[in-house]
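Engineer: I need the structure of the sequence given here:
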Amino acid sequence: MPETAVIGQFERRLVELGCPARQARDKARELSDHLADLKQAAMEEGLSEAEAEARAAAQLGEPSGLAERLACIMRQSSWWGRHPVIGFCLLPLFGFVPVWLLCGAMLAGVLWLTGHIFGPAYLVTVDTAHALALDPKEFENYSGPLNAMLHGAAIAGMAGLFCWLARRSVSGLKWILTACAVCSFSGAFSWAEIAPDSIGLGWGSSPNWLGASIPWLVAAAAWMRQRQTVRRLPVLAGPSRSLAARQRETLPPLDAGEPWVNKFLTTPTYWISTPVLAGILALGLLIWSNLMRGRAELLQGPARAAALRTHTWPAESAAVIERIQSRQLATATENQTMIDLQPYVNVGLTTPTSGLDSAPETDLAGLPRGIRTFGGVSFDVAGKIQLMGRGLLSARRIYPVMRKNIPISQKCRQIHLLHGASLVTDLDVTVAKLVLHYADGSTREIAIVAGEHLLDWRGPIYTTPAAGEQLAPKDRGTELAWVGNDSLLPQPPPFLAARIYRTTFPNPQPEVEIASVDYVSTLTGAAPFLAGLTVEK
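Structural biologist: Residues are numbered from 1 along each chain as shown. Now for the predicted structure:
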């Protein structure tokens, strides 16, 4: 085979395997020098030029096989080539933040340089950002394109970096595409935002399709560049066999477990990277399936809510009201003792405590006063013991944190509350508690938990949720005891109402007399209130 054909096939095969064009030219030049040395040594032994060239080519070996062996050596000499799973599957997931910070630092440097070259009028400072923040629309005109540009630049830079590392380590086109696929996933769900006083970075649940497409554009550019480089190289005639073909001719059949399986099983890096990669892929599939499910529910949500609002909720609310009214007609047992809360009432039933300045004076105006039955239990209703919650601070309304020493002076098995709370936003949070003081000097506390024993005093009374929302307290000893018109709405629909709950708590020490009870707020965002207290022997 002519010398030019040997060198040409060698260089072309290196480029096909993913070796950078400049590095392939350098290796081809080294091979050409070595081939010339072999030829010169053969001619010095007295061989003709043609015989010396043939002998040198034979000593050198098949060019494609040489290129494959050299690519394998180059791959193994690089950390990225030895550990492609970690380098091109795991690291791209965590590369967005440092690359974004680098892009932000470069942008800041460009702005600083521009300001110092063209004058202070072009200098962007912290004061400029604060001035823009005073006008949200004006700030969005600057921050929106800036955030989009930085996000796109970071994703493109990250994909380009891993493509360069894959080419540098001669890892091949498959690892370039793999790295770009992982960068695409990272670009779809990563986000970054610059605000006047903060910088936010993280992962979101809503996919960014522009960020997901950028790595694939980088991968397409890398593929086209490699194809153009290969096309520029001359196609030289001559026999060419791959390294696999040469091995099949010179080596006996390989055992099923040799060599790559044993190498895989005995490499600690792959023992670590494989389960981590599998977990990340599983997490990605889970996130994706949840996003698709959420998108489907989002598309179906408005139509379903409209159907529920028209056909289902009014009938369900009417049934709930009928059940509440039937429970109000129930006869209380003689073992129930109603506690007089009149000396401790601090808010009338017509006083708004929702924290809304525009609320009319009709919070619970329809709640019957006096001795009435709610949820099968008799209560003496005189008003509300309204306690403080942090949500009331914005309305500049101050109420006590606790009411102490409400006298009981008897033994009982159960304690019944007629109660509620306004501004309930967080569930599974203790919003109030009862502190029981016993005649023997001991004390016990009973927690009143939002979501377990009460919900916000304003809300729906239907039973079919539209989007998985909680419509009733979870505690079995709690039931909706009274509903009234939601006066804060100009024309309240039939399925929204003011709500008060009856909750029954077991006495922790039924054999000991309860001397008194404290009703205490835990100062969460919710503001609890108590309208009735009854004990049962």
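
Engineer: which ones are touching the most centrally placed residue in the chain?
Structural biologist: For the chain, the residue sitting closest to the mean C-alpha position, by CA atoms, centre = their mean, is residue 204 at 4.8 Å. Neighbour list for residue 204: 189-191 [criterion: CB atoms under 8 Å, 6 or more residues apart in numbering]. The C-beta positions use only the backbone N, C-alpha and C, and glycine is treated the same way.

Engineer: sort out for me which of those are in helices.
Structural biologist: When these are checked against helices (DSSP state H), the matches are residue 189.

Engineer: considering the contacts of residue 204, which possesses the most neighbours?
Structural biologist: residue 190 (23 neighbours; other CB atoms under 10 Å).

Engineer: what separates it from residue 505, distance-wise?
Structural biologist: The spacing between residue 190 and residue 505, counted by CB to CB, to the nearest Å, is 48 Å.

Engineer: can you check residue 114 too?
Structural biologist: 69 Å.

Engineer: looking at the two, which has the bigger crowd around it?
Structural biologist: Counting neighbours by other CB under 10 Å for residue 114 and for residue 505 shows that residue 505 has the greater number, 18 against 13.

Engineer: contacts only, for that one.
Structural biologist: Counting by CB under 8 Å, 6+ apart, residue 505 touches 414-417, 434, 446, 477.

Engineer: so what are the sheet partners of the helix or strand containing it and their directions?
Structural biologist: Residue 505 is part of strand 496-506 when elements are defined by DSSP states H and E. Using DSSP bridges, strand 496-506 pairs in its sheet with strand 414-422 (antiparallel), strand 458-460 (antiparallel), strand 478-485 (antiparallel).

Engineer: so which of those strands is nearest residue 163?
Structural biologist: strand 458-460 (54.0 Å; CB to CB).

Engineer: roughly how far is that closest one from the heart of the chain?
Structural biologist: Counting by CA atoms, centre = their mean, to the nearest Å, strand 458-460 is centred 30 Å from the centre of its parent chain.

Engineer: what mean pLDDT does it have?
Structural biologist: Averaged across strand 458-460, pLDDT comes to 89.

Engineer: same check on stretch 309-319?
Structural biologist: Mean predicted lDDT for stretch 309-319 stands at 89.

Engineer: and stretch 93-112, by the same measure?
Structural biologist: Taken as a whole, stretch 93-112 has a mean pLDDT of 82.

Engineer: list the buried ones in it?
Structural biologist: Along stretch 93-112, these residues count as buried under the neighbour rule (16 or more other CB atoms under 10 Å): 93, 95-96, 99-100, 103-104, 107.

Engineer: widest-spaced pair of those residues?
Structural biologist: Greatest spacing in the buried residues of stretch 93-112, by CB to CB: 93 and 107 (23.9 Å).

Engineer: what ranges do the strands span in the stretch 151-300 of the chain?
Structural biologist: 190-194, 199-203 (DSSP state E, counting those that start in this stretch).

Engineer: now the first one, how far from the chain's geometric center?
Structural biologist: In terms of CA atoms, centre = their mean, the gap separating the centre of strand 190-194 from the centre of its chain is 13 Å.

Engineer: got the CA coordinates for that strand in PDB?
Structural biologist: Output of strand 190-194 as PDB, limited to C-alpha atoms (Å, rounded to 0.1, in the frame of the first residue of the first chain):
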ATOM      1  CA  SER A 190     -33.200  24.100  35.800                       C
ATOM      2  CA  TRP A 191     -34.000  27.800  36.400                       C
ATOM      3  CA  ALA A 192     -32.100  30.900  37.400                       C
ATOM      4  CA  GLU A 193     -33.300  34.400  38.100                       C
ATOM      5  CA  ILE A 194     -31.600  37.700  38.900                       C
END
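
Engineer: that one pairs with which strands, parallel or anti?
Structural biologist: As defined by DSSP bridges, the strand partners of strand 190-194 come to strand 199-203 (antiparallel).

Engineer: rounded mean pLDDT for the strand it pairs with, please.
Structural biologist: Mean pLDDT, strand 199-203: 72.

Engineer: contacts for that strand, please.
Structural biologist: The contact list for strand 199-203 (CB under 8 Å, 6+ apart) reads 96-97, 100, 104, 189-193.

Engineer: can you rerun that using 10 Å?
Structural biologist: For strand 199-203, contacts defined as CB atoms under 10 Å, 6 or more residues apart in numbering pick out 93, 96-97, 100-101, 104, 147, 154, 186, 188-194, 287.

Engineer: which stretches of the stretch 301-450 of the chain form strands?
Structural biologist: In the stretch 301-450 of the chain, the segments counted as strands under DSSP E, counting those that start in this stretch are 336-338, 370-374, 377-381, 385-386, 402-410, 414-422, 430-438, 443-449.

Engineer: out of the ones you listed, flag the one nearest residue 324.
Structural biologist: Nearest of the strands of the stretch 301-450 of the chain (CB to CB): strand 370-374, 8.3 Å.

Engineer: mind listing the strands that closest one pairs with, and their directions?
Structural biologist: Sheet pairing of strand 370-374 (DSSP bridges) gives strand 377-381 (antiparallel).
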